[in-house]
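**Student:** Sequence below, structure please.
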Amino acid sequence: MFYIVRVATKQEKVVAMLLEEKAKVENLPIYSIMFNERVKGYLFVETDDENAVPLLINHVKHVKGMIPKPISFEEIEKMVKVKKPVEEKISIGDIVEITSGPFKSEEAKVISVDEGKGEYTVLPLEAVIAIPVKLSGKNLRLKKKSEEKS
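**Tutor:** Here you go, the predicted structure:
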C-alpha cells in the first residue's frame, strides 16, 4: 500500500532523497518513494508496514506530516494521470477562434496548414486589411468546419 506524506512545496525531490537515505540506513521496509510535479507538496511512500512511515518521516526536514490512511496505486494514478485533450482536426477553409495574442477572441479563416510544425496561417475575418497571421494550433479553437470536402 501507499501512504501520503505532506512536505513543503518545491521540496519534494529533496525530501524524497533524504527519506531514501534514511530508509537505507535504518533498514526500513520501504519499497518506493514517489513524487509527481503535478501534485505539489506530497510524496507517496510504498510499504507493507504501516509503522515504517512514521519512523521514516520522524525528524526529517521539510516534512509536515502524513495521512494515516493508505491508498491504492489506482488512486494515485487518478491523481497524476494527464488527460490529453482531443484535438480537433483543423484544415484549410475552416473557421477558427483565436484564443490568445493580439487577435484573441476573433474569428479567422484557415488558409494554410504546416502539420510538421503545428502552425496555421489564418486570415482574421473582422480585420480591415486582410493580413495573414501564423499561429500555433494550441492558440486556435475550431468554430466551423469548411463546407467543401478535400
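
**Student:** Let me see the ranges of the strands in the protein.
**Tutor:** With DSSP state E, the ranges of strands along the chain come out as 2-7, 30-34, 42-47, 63-71, 95-98, 107-114, 119-124, 133-136, 140-144.

**Student:** can you tell which of these is closest to A16?
**Tutor:** Closest to A16 of those is strand 30-34 (Cβ to Cβ; 4.9 Å). To be clear about C-beta, it is placed using only N, CA and C from the backbone, and glycine gets the same treatment.

**Student:** elements contacting that closest one?
**Tutor:** Using 3 or more Cβ pairs under 8 Å, 6 or more residues apart in numbering; DSSP states H and E, the elements in contact with strand 30-34 are helix 12-25, strand 42-47, helix 52-57.

**Student:** What residues of that strand count as buried?
**Tutor:** Using 16 or more other Cβ atoms under 10 Å as the test for burial, strand 30-34 gives 30, 33-34.
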